[in-house]
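Peer 1: Quick check, what structure comes out for this input:
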Amino acid sequence: MNDDEIIALIAEETGLPRERLDMNAQLASLDIASIDMVSLLFEVEDRYGVEIQPEEIRPEMTLGELILRIRETARE
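Peer 2: Numbering: from 1, shown residues only. I've put the predicted structure just below:
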């Protein structure tokens, strides 16, 4: 799994265009609906075996931090 794959998954699950998914953007500024975030986390778990609880995702996190969290959790 690489950053591009994860960004493609985020775009797919949230309906946001990839060009809007800047690594430095705070999640709150992307206006991702909570249902879309939960859907994304379920899909991450299904595809990569990575379990991240919705309450671990803070609005002030950047997209880059979320991706790093997914990749780090996959290594555990």
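
Peer 1: Quick check on Leu40: phi, psi?
Peer 2: Per-residue torsions, Leu40: phi -60, psi -50 (degrees, to the nearest 10).

Peer 1: actually Gln26, not the one I wrote
Peer 2: phi -70, psi 140.

Peer 1: so how far is Met61 from it?
Peer 2: Note on Gln26: its distance to Met61, by C-beta to C-beta, to the nearest Å, is 7 Å. In short, each C-beta sits where N, CA and C put it, glycine included.

Peer 1: ok, now Ile35?
Peer 2: 18 Å.

Peer 1: Could you do Asp31 as well?
Peer 2: Asp31 sits 14 Å away from Met61, going by C-beta to C-beta.

Peer 1: Of those two, give the one with the bigger neighbour count.
Peer 2: A side-by-side neighbour count of Asp31 and Met61, using other C-beta atoms under 10 Å, places Met61 first with 16 against 10.

Peer 1: Surely the more buried one and Leu27 touch.
Peer 2: Yes - counting by C-beta atoms under 8 Å, Leu27 is a contact partner of Met61 at 5.2 Å.

Peer 1: Mutual contacts of the two, please.
Peer 2: Counting by C-beta atoms under 8 Å, 6 or more residues apart in numbering, no residue touches both Met61 and Leu27.

Peer 1: List the residues that contact Ala8.
Peer 2: Arg18.

Peer 1: SS state for it?
Peer 2: State at Ala8, reduced to three classes by DSSP: H, G, I helix; E, B strand; the rest coil: helix.

Peer 1: That one and Pro59, how far apart?
Peer 2: Counting by C-beta to C-beta, the separation of Ala8 from Pro59 is 23 Å.

Peer 1: How about Ile52?
Peer 2: Ile52 is 15 Å from Pro59, by C-beta to C-beta.

Peer 1: do Leu21 as well
Peer 2: With C-beta to C-beta as the criterion, Leu21 and Pro59 are 16 Å apart.

Peer 1: More neighbours: the two, which one.
Peer 2: Leu21 (17 against 11).

Peer 1: Which residue is the nearest non-sequential neighbour of the more buried one?
Peer 2: Counting by C-beta to C-beta, 6 or more residues apart in numbering, Ile7 is the residue found nearest to Leu21 once chain neighbours are left out, at 5.3 Å.
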